[in-house]
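Chemist: Here's my sequence, what's the structure:
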Amino acid sequence: MIRVLLVDDQELMRMGFRMVLGAQEDIDVIGEAADGLDAVQMADKLRPDVVLMDVRMPVLDGVEATKRITEADTAKVLVMTTFDMDEYALSALRNGASGFLLKDTPPSDLVSALRAVASGDAVVSPSVTKRLLGRFLGDGGGELRDATVLDVLTEREREVLVLIAKGLSNTEIARKLFLSEATVKTHVGRILAKLELRDRVQAVVLAYETGLVRPGDA
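Modeler: Got it, this is the predicted structure:
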């Protein structure tokens, strides 16, 4: 069973999510919270597999709640937002979220996303993350991080990271670099481990924040 904590300041939204998720045999909604502070406390107490987190809430917003939950390694976090160009969503990704979905996501996609996050995958496509970063970080809109953080990577790993940031799948990377898909998976795993990243979404964010890839790059 996938244990889920619902976090949203609107009771009707929580009710809707509970109805959708409660109909699944492999998902158990174990609690609800109406603000970020409650979410952090309930996550620590209940230890869910995934927290479905609204980002705009009173008391403590979803970004800070996401940061506290992921830093404590209490649960994985999937954030929900109304707009796909939401700076809160980008901040949540930077602070450990495994991805984000729009609140009008079809129920079947929501369920698939929760299952993916629970299994350790990220559910935001790099192309969507790239659009976010292009708006909020690119064109002088934000300061770049010190690129020396990437010095731990080999030349091949940096090459793979660039392609991840450009939205290529493992299969596409393998084809482009003339490698086996298993070798690409090994490189991806080493990149995440060396950079202490949770998933591919975090890798995309870091690649843009350090200037390894720039918004608008082909």
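Chemist: which residues in this protein form strands?
Modeler: Taking DSSP state E as the test, the strands found in the chain are 2-7, 27-33, 50-54, 76-81, 100-102.
Chemist: per-residue confidence averaged over the longest one?
Modeler: Averaged across strand 27-33, pLDDT comes to 96.
Chemist: What residues of it count as buried?
Modeler: Going by neighbour count (16 or more other C-beta atoms under 10 Å), the buried part of strand 27-33 is 27, 29, 30, 31, 32, 33. For the C-beta atoms, the positions are set from N, CA and C on the backbone; glycine is no exception.
Chemist: Near residue 41, how many other residues are there?
Modeler: The criterion is other C-beta atoms under 10 Å. On that basis, residue 41 has 13 neighbouring residues.
Chemist: contacting residues for it?
Modeler: Residues in contact with residue 41, defined by C-beta atoms under 8 Å, 6 or more residues apart in numbering, are residue 33.
Chemist: Next one: it from residue 97, what distance?
Modeler: Separation of residue 41 from residue 97 (C-beta to C-beta, to the nearest Å): 19 Å.
Chemist: With residue 148 instead?
Modeler: Counting by C-beta to C-beta, the gap between residue 148 and residue 97 amounts to 25 Å.
Chemist: Could you check which of these two is surrounded by more residues?
Modeler: Per other C-beta under 10 Å, whichever of residue 148 and residue 97 has more neighbours is residue 97, with 32 against 8.
Chemist: Just the pLDDT at that one, thanks.
Modeler: Among the per-residue scores, residue 97 holds a pLDDT of 87.
Chemist: cool, and the one 5 residues further on?
Modeler: At residue 102 the predicted local distance difference test score is 82.
Chemist: Tell me who's in contact with the residue nearest to residue 34 when sequence neighbours are not counted.
Modeler: In space, not counting the residues next to it along the chain, residue 34 is nearest to residue 9; the distance is 5.2 Å by C-beta to C-beta, 6 or more residues apart in numbering. By C-beta under 8 Å, 6+ apart, the contact list for residue 9 reads 34, 35, 54, 56, 57, 58.
Chemist: quick one: which of these is most hemmed in?
Modeler: Neighbours here are counted as other C-beta under 10 Å. On that basis the top member of those is residue 54, with 27 neighbours.
Chemist: and that one, what are its bridge partners?
Modeler: Note on residue 54: beta-bridge partners by DSSP bridges are residue 80.
Chemist: show me where pLDDT drops low in the protein?
Modeler: Across the chain, the stretches falling below the confidence threshold (pLDDT under 70) are 83-86, 124-144, 215-218.
Chemist: which strands and helices sit next to the lengthiest helix in it?
Modeler: When the chain is parsed with DSSP state H, its longest helix is helix 181-195. Helices and strands touching helix 181-195, by 3 or more C-beta pairs under 8 Å, 6 or more residues apart in numbering; DSSP states H and E, are helix 155-165, helix 170-177, helix 200-209.
Chemist: one step back: among the buried residues of strand 27-33, which pair sits farthest apart?
Modeler: The largest distance within the buried residues of strand 27-33, taken as C-beta to C-beta, falls between 27 and 33 and amounts to 17.2 Å.
Chemist: I'd say residue 111 and residue 21 touch.
Modeler: Yes - here residue 111 reaches residue 21: they are 7.0 Å apart, a contact under C-beta atoms under 8 Å.
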